[in-house]
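> Fold the following and give me the result.
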Amino acid sequence: MKIPILKIGDLVARLPIIQGGMGVGVSLANLAAAVANCGGVGVISGVETGFYRADYHLNKRQANRDGLREQIKKARGLSTGILGVNIMVAINDFEEMVRTAVRAGIDIIFSGAGLPLNLPALVKGSNVKIGPIISSARAAGLICKHWDKKHRRPPDVVVVEGPRAGGHLGFSPEQLEHPEDYALEKLVPAVVAAVRPFEEKYERPIPVIAAGGIWDGFDIARLLRLGAAGVQLATRFVTTRECDASDAFKAEYLRAGQDDIVIIKSPVGMPGRAIRNAYLDRAAAGKSTPVRCAYNCLAPCVPSRSPYCIADALIHAQKGELDKGFAFAGANAWRASKISSVKEIMTELVEQMKKA
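Numbers count the residues shown, from 1 in each chain. Here you go, the predicted structure:
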C-alpha cells in the first residue's frame, strides 16, 4: 500500500502517526521531538508538567505553566516537526494551560477526559489546531454540533480512543467487560460518519485518528482501510531511549506479562488500565489512603474517598519509584521486549504497513 500523509489543516505529517500524550512526565520534549523528527506528530503531556521544578510544591499551577512553556521551547529546539500537547479537560487549570500552550506556539492541542466544549474560544485568534479525544460517535457528533453552533467551526482533527488504551478510559467498567462491542473496527467508521456532515458544511476534511491498543504497522494498515486518516500510539513509545520516563519505569513494561495488565478504579472516578504491582495491590487492600491532597489537580477527584493520590503515584512512577506508584499502560504493553530508539520503531511500523 502507499502510505498516506496526514493533513491536519495546513499541517502535513509525512507519516499518519501521532504519539499519544502520556502523563505524568512520560511524554515530554524528548519523546515528542523524536517522533516529530521521524515524520509523525509528537505530543507533550500537559498533566502536572511542572512536577520536576523546584517551585512545584510552592505554587503548583504556576510551576505547571512554566513547565509546559519549558517543554514546548525545548521540543522546538530539538525539532522543526509538528508538535502537539494533550491537555485534559478534567484538570483544574484547563483553560490557563490551553492559553499557555497557545502563547508558547504549539501546533495542536488534543483534549479529552471530558468534553472540551469551550476549547475553540481558548485558541481564538491563533492558528493552533484543536482536536477532541472521544470514545464514541455520539460524543464526536455532540462536540461538532456544539462547536458549529457556538463557535462556528469544526474540529481540525478527532481522535477516537477505543477500550484497549492505557491510562484513564472513556468507558464504564461494564463496557470494558465487553471490549469487542466497542472495538476500533466499529468505532472508526461510526465516527467518520458522524463528522462527515461538518466536513461538507465547512468544505474541509476532519481527519479521524484511531487510538487505543494499536501496536504494529499491520494494525495501522487495517485501521486506515476502515477510514481512519491516521493512528495514535502511546504505549509503543514508552520503551524507547527517548521516552522521558525513568529507566525503572520502562523496565515495568519489560517486566509485565499479559496477566499483569489490569483495569483499576482511579481516584478520579474513571476506570484505567495499568500494570499491576505491589503498590496497586496495597491500594486495593485499603492500605495506602493519602493523608492529604497535595496537588488539587483533577476536578473529579474526592481525596476523602480516594485510596491514593493519583498525581503523587504517577510522579513517583515516572521517577522510577515504583514502590510509591504505578505505571499506566495500554493493553499491549506486555508485548514490549526491549529498549529501542524512536527511529527504529517508526522504521519498523513503516515496513509493516508496506507489507500489509
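> what about S337, neighbour count?
For S337, the neighbour count with other C-beta atoms under 10 Å is 9. Glycine gets a C-beta too; all of them are placed from N, C-alpha and C.
> Just grab the bridge partners of V41 for me.
I18, I82 (DSSP bridges).
> Quick check: the gap between it and L322.
Distance, V41 to L322, by C-beta to C-beta, to the nearest Å: 30 Å.
> Looking at these two, which one has more neighbours?
Set side by side, V41 and L322 show more neighbours around V41, with 28 against 21, by other C-beta under 10 Å.
> quick one, strands of this protein?
Counting by DSSP state E, the chain has strands at residues 6-8, 11-13, 17-19, 41-45, 82-86, 108-111, 129-134, 158-161, 167-168, 208-211, 230-233, 261-265, 271-275.
> can I get those in TSV with distance to E95 and mean pLDDT?
Converted to TSV, the strands of the chain look like this (distance: least, C-beta to C-beta, whole Å; pLDDT from 0 to 100):
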stretch	distance to E95	mean pLDDT
strand 6-8	23	98
strand 11-13	24	98
strand 17-19	24	98
strand 41-45	18	98
strand 82-86	14	98
strand 108-111	11	98
strand 129-134	13	98
strand 158-161	20	98
strand 167-168	20	90
strand 208-211	24	98
strand 230-233	24	98
strand 261-265	28	93
strand 271-275	24	95
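> can you tell which of those is closest to A63?
Closest to A63 of these, according to C-beta to C-beta: strand 41-45, at 15.0 Å.
> The closest one packs against which elements?
Secondary-structure packing of strand 41-45 (3 or more C-beta pairs under 8 Å, 6 or more residues apart in numbering; DSSP states H and E): strand 17-19, helix 29-37, helix 60-78, strand 82-86, strand 108-111.
> which residues are contacting it?
Strand 41-45 is contacted by residues 6, 8, 13, 17-29, 31-36, 68, 71-72, 75, 79, 81-86, 106-108, 110 when judged by C-beta atoms under 8 Å, 6 or more residues apart in numbering.
> for stretch 67-77, same thing?
In contact with stretch 67-77 (C-beta under 8 Å, 6+ apart) are residues 28-30, 32-33, 36, 42, 44, 46, 49-53, 56, 83, 85, 97, 100-101, 103-106.
> quick one: that stretch to chain centroid distance?
Mean-position distance between stretch 67-77 and its chain equals 18 Å (C-alpha atoms, centre = their mean, to the nearest Å).
> Okay, now the unreliable bits of the stretch 251-356 of the chain?
The model of the stretch 251-356 of the chain has pLDDT under 70 over residues 288-307.
> Quick one: the helices in it, in order.
Listed in chain order, the helices found in the stretch 251-356 of the chain under DSSP state H, counting those that start in this stretch are 278-284, 310-318, 342-355.
> For the first one, buried residues please.
Right, helix 278-284. Within helix 278-284, the residues that count as buried by 16 or more other C-beta atoms under 10 Å are Y279, L280, A283.
> Could you list every helix and strand in contact with that helix?
Here helix 278-284 touches no other helix or strand, going by 3+ C-beta pairs under 8 Å, 6+ apart.
> With just CA atoms, put that helix into PDB.
Taking C-alpha atoms only, helix 278-284 is exported to PDB below (Å, rounded to 0.1, in the frame of the first residue of the first chain):
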ATOM      1  CA  ALA A 278       2.700  -4.200  44.900                       C
ATOM      2  CA  TYR A 279       1.600  -0.600  45.200                       C
ATOM      3  CA  LEU A 280      -1.800  -1.300  43.400                       C
ATOM      4  CA  ASP A 281      -2.200  -4.400  45.500                       C
ATOM      5  CA  ARG A 282      -1.800  -2.400  48.700                       C
ATOM      6  CA  ALA A 283      -4.200   0.200  47.400                       C
ATOM      7  CA  ALA A 284      -6.800  -2.400  46.600                       C
END
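> about what we covered before: any of the contacts of stretch 67-77 buried? List them.
Buried members of the contacts of stretch 67-77, counted by 16+ other C-beta under 10 Å: 28-30, 32-33, 36, 42, 44, 46, 49-53, 56, 83, 85, 97, 100-101, 104, 106.
> what's the residue nearest to M346 when sequence neighbours are not counted sitting at in phi/psi?
Excluding the flanking residues, the one nearest M346 by C-beta to C-beta, 6 or more residues apart in numbering is C38, at 4.2 Å. Backbone torsions of C38, given as degrees, to the nearest 10, read phi -90, psi 10.
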